[in-house]
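**Student:** build the 3D model from these lines:
(one chain, ligands or ions: 1)
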Amino acid sequence: MIQLLLHKKLHTAKGMMPLDIDLAITPGEFVTLYGASGAGKTSTLRMISGLLTPDNGKLVVNDVVWLDTSKKTNLKPQQRKLGFVFQDYALFPNMSVLKNLEYALEKHQDNSIITELIDMMELGELQHQKPSTLSGGQQQRVALARALVQQPEILLLDEPLSALDTKMRIKLQDYILKVHQKYKLTTILVSHNIGEIIKLSDRVCLLEQGKIIKSGIPSTIFATHQMSAKFQFTGEVLSIQKEEVVFIVTVLIGTNVVKVIAQESEIANLTTGDTVIVASKAFNPVIQKVL
Ligand SMILES: Nc1ncnc2c1ncn2[C@@H]1O[C@H](COP(=O)(O)OP(=O)(O)OP(=O)(O)O)[C@@H](O)[C@H]1O
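**Tutor:** As a prediction, the model looks like this:
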């Protein structure tokens, strides 16, 4: 079990904001932190990693105390068994892919893990290239592989896919799920993408002003309660066009473009870029904005 109890006074543009996180995570769980900019998601990950020290708190990972401010226990980041992937790939630009991975090896660690990760992340053909010659998605695959070299118990992902296009994003999501399952990781993701959160996570925690205000199964948390449907998909509104007395809403669901006929009342608060649920009750699709 992973027990997180973190308190820190954060300094925001609007003054002091207390961050109070009380969270228990089951080993092997995939948990996502979701919330507005400035809610405290990155600060939470940084405190778990040891890059930021809480004013007081406790962090116990599978019976090992990583932090206990009351006992002045505070393991250094490199003593914590975790991997961290950020939005910017943070690879060493002057080293090849292979060297970037080898650099992460601990002294005396068997380097068979490098071969395994290169194979699993399909980096074989890229291993002698420098990061600057790789696409964003390829660089993020390297960053993910590098985070796993020391075989962490916890994988922290801070908006790792937000700079990638949809196709690349979906591919990387599949790699993340693959490594999460294969290495039985406990993964904590920060993401703003509802489709991604529903696809990847067992649980989502909604953060507001430094506090978890709600948590649960993503499809339940994001679905609107008044909607009961036979099936539903989450997608992004690409366009809304008026066609005589109705509107045609074009929605991107995964890599599929779906057109939904909507009434004026249904599109009243919808704009391009909104995340929506497209659902069907019997044969009549209904559309509703998420959050
Ligand atoms: N070391 C620190 N000490 C005090 N306050 C901090 C510290 N680091 C960040 N903050 C403040 O805490 C607030 C929350 O920042 P944080 O990066 O955790 O938010 P976030 O939810 O990840 O936002 P975003 O989605 O924009 O990345 C910000 O106002 C920030 O200025």
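
**Student:** quick one, what contacts the residue of the stretch 51-200 of the chain found nearest the ligand?
**Tutor:** Distances between the stretch 51-200 of the chain and the ligand by CB to the nearest ligand atom are smallest at residue 52, namely 5.4 Å. (C-beta placed from N, C-alpha, C; glycine too.) By CB atoms under 8 Å, 6 or more residues apart in numbering, the residues touching residue 52 are 8, 43, 46.

**Student:** out of these, which is nearest to the ligand?
**Tutor:** Nearest to the ligand among the contacts of residue 52: residue 43, at 3.3 Å, using CB to the nearest ligand atom.

**Student:** inside strands: which ones of the contacts of residue 52?
**Tutor:** Counting by DSSP state E, the contacts of residue 52 place residue 8 in strands.

**Student:** want to throw the contacts of residue 52 into JSON lines with pLDDT?
**Tutor:** As requested, the contacts of residue 52 are arranged in JSON lines below (pLDDT from 0 to 100):
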{"residue": "8", "pLDDT": "97"}
{"residue": "43", "pLDDT": "96"}
{"residue": "46", "pLDDT": "95"}
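
**Student:** return only those of the contacts of residue 52 found close to the ligand.
**Tutor:** residue 43 (CB under 6 Å from any ligand atom).

**Student:** nearest to residue 114, of the contacts of residue 52?
**Tutor:** Distance ranking of those against residue 114, using CB to CB, places residue 46 first at 27.2 Å.

**Student:** now the closest one, nearest residue through space, not along the chain?
**Tutor:** residue 52 (3.8 Å; CB to CB, 6 or more residues apart in numbering).

**Student:** one step back: where does the residue of the stretch 51-200 of the chain closest to the ligand land on pLDDT?
**Tutor:** With respect to pLDDT, residue 52 has a value of 94.

**Student:** so in this structure, which helix runs the longest?
**Tutor:** helix 166-182 (DSSP state H).

**Student:** for the helix or strand following that helix, packing partners?
**Tutor:** Per DSSP states H and E, the first helix or strand lying C-terminal to helix 166-182 is strand 186-190. Applying 3 or more CB pairs under 8 Å, 6 or more residues apart in numbering; DSSP states H and E, we find strand 186-190 packed against strand 30-35, helix 41-49, strand 154-158, helix 166-182.

**Student:** and residue 23, what does it touch?
**Tutor:** Counting by CB under 8 Å, 6+ apart, residue 23 makes contact with 3, 4, 31, 205, 212.

**Student:** rerun that using 7 Å as the cut-off
**Tutor:** Neighbour list for residue 23: 4, 205, 212 [criterion: CB atoms under 7 Å, 6 or more residues apart in numbering].

**Student:** tell me which of those fall in strands.
**Tutor:** Filtering those for strands - DSSP E - leaves 4, 205, 212.

**Student:** what does the helix or strand encompassing residue 249 rub up against?
**Tutor:** For residue 249, the host element (DSSP H and E) is strand 246-253. The contact list for strand 246-253 (CB under 7 Å, 6+ apart) reads 233, 235-241, 257-264, 267, 270, 276, 278, 287.

**Student:** near the ligand, which residues of the stretch 51-200 of the chain?
**Tutor:** So the stretch 51-200 of the chain meets the ligand at residue 52 (CB under 6 Å from any ligand atom).

**Student:** using CSV, list the CA coordinates for stretch 60-67.
**Tutor:** The C-alpha coordinates for stretch 60-67 follow below in CSV (Å, rounded to 0.1, in the frame of the first residue of the first chain):
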residue,chain,number,x,y,z
VAL,A,60,5.0,5.2,3.1
VAL,A,61,5.6,2.9,0.1
ASN,A,62,5.1,-0.8,0.6
ASP,A,63,6.1,-0.6,4.3
VAL,A,64,9.2,1.6,3.5
VAL,A,65,9.0,5.1,5.0
TRP,A,66,10.1,7.5,2.3
LEU,A,67,9.2,10.6,4.3
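
**Student:** now do it, average pLDDT.
**Tutor:** Averaging pLDDT along stretch 60-67 gives 95.

**Student:** return the distance of that stretch from the chain's centre.
**Tutor:** With CA atoms, centre = their mean, to the nearest Å as the basis, stretch 60-67 stands 23 Å off its chain's centre.
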